[in-house]
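Novice: could you look at this predicted model? Sequence included:
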Amino acid sequence: MKKDKDLYDQKSTAWWRKKLTPEQYHILREKGTEAPGSGKYLNHSEKGIYTCAVCGAELFSSKAKYESTAPGLAGWPSFSEAADNKALELKEDNSLGMNRVEVMCANCGSHLGHLFKDAPDHPSGVHFCINSACLGFEPKPGEAKTKKVE
Ligand code: FE
């Protein structure tokens with residue numbers, strides 16, 4: 001994947017303010033979190049690819065999306081794996097008195113959410129907890145879990 005992070009790092013605050021909604025700016029640029037249960041992709045079950053709202057990089061397949069029941073983590077879109085092992089950048093995050101792993105778009109550096117590796121709510125144990133505000137969506141019927149019988 002082409003890394004555009006250097007390009008995005010050079011953009012001015014004014015550029016980001018114009019590109020993003022105030023809510024997106026707070027989440028993607030200031031590492032904020034959208035209110036639980038509020039995001040547009042939480043209960044979204046179309047087949048396709050979730051992309052980065054800033055740069056369009058493919059981040060998660062709908063095949064990896066699941067409904068989390070984990071206490072405190074059920075209010076945001078949940079994914080069990082990335083679309084590509086180079087799509088995301090992970091970083092230790094000790095803010096707010098918690099030890100978490102921050103998830104960013106590897107291509108542009110935008111904050112996306114957090115990764116929980118001890119999630120009891122998915123067989124893989126891996127839970128990407130992602131803000132809807134950071135995502136776009138491209139429908140791709142080919143991403144359907146089961147093949148249509150002809
Ligand atoms: Fe991006």
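Specialist: Received the coordinates, thanks.
Novice: looking at stretch 17-30 now, give me its mean pLDDT.
Specialist: Mean per-residue pLDDT for stretch 17-30: 97.
Novice: I'd like to know how many residues surround residue 54.
Specialist: 23 (other C-beta atoms under 10 Å). Yep, even glycine has a C-beta here, placed from its N, CA and C like the rest.
Novice: give me the residue at the spatial middle of this structure.
Specialist: residue 130 (3.9 Å; C-alpha atoms, centre = their mean).
Novice: close to the ion: what parts of the chain are there?
Specialist: Contact residues (C-beta under 5 Å from the ion) of the chain with the ion: 52, 54-55, 57, 105, 107-108, 110.
Novice: are any of those buried, and which?
Specialist: The neighbour-count criterion (16 or more other C-beta atoms under 10 Å) marks 52, 54-55, 57, 105, 107-108, 110 among the residues of the chain next to the ion as buried.
Novice: possible to save those residues as a markdown table with pLDDT and secondary structure?
Specialist: As requested, these are exported to a markdown table (pLDDT from 0 to 100; DSSP: H, G, I helix; E, B strand; the rest coil):
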| residue | pLDDT | secondary structure |
| --- | --- | --- |
| 52 | 97 | strand |
| 54 | 97 | coil |
| 55 | 96 | coil |
| 57 | 96 | coil |
| 105 | 97 | strand |
| 107 | 95 | coil |
| 108 | 96 | coil |
| 110 | 97 | coil |
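Novice: reformat the residues you listed as a markdown table; add distance to residue 32.
Specialist: Shown next, in a markdown table, are these (distance: C-beta to C-beta, whole Å):
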| residue | distance to residue 32 |
| --- | --- |
| 52 | 16 |
| 54 | 15 |
| 55 | 19 |
| 57 | 20 |
| 105 | 15 |
| 107 | 20 |
| 108 | 17 |
| 110 | 12 |
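Novice: hmm, back to that, just grab the bridge partners of the residue nearest to the centre of the chain for me.
Specialist: Beta bridges link residue 130 to residue 113, judged by DSSP bridges.
Novice: what does the one 5 residues further on give?
Specialist: Following DSSP bridges, residue 135 is listed with bridge partners residue 52.
Novice: hey, C-alpha coordinates of stretch 4-13 in CSV?
Specialist: Extracted as CSV, the C-alpha positions of stretch 4-13 are listed here (Å, rounded to 0.1, in the frame of the first residue of the first chain):
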residue,chain,number,x,y,z
ASP,A,4,0.7,9.0,2.1
LYS,A,5,1.3,9.8,5.8
ASP,A,6,4.1,12.3,5.0
LEU,A,7,1.8,14.2,2.7
TYR,A,8,-1.0,14.3,5.2
ASP,A,9,1.3,15.3,8.0
GLN,A,10,2.1,18.5,6.1
LYS,A,11,-1.6,19.6,5.8
SER,A,12,-2.5,22.6,7.8
THR,A,13,-5.1,22.7,10.6
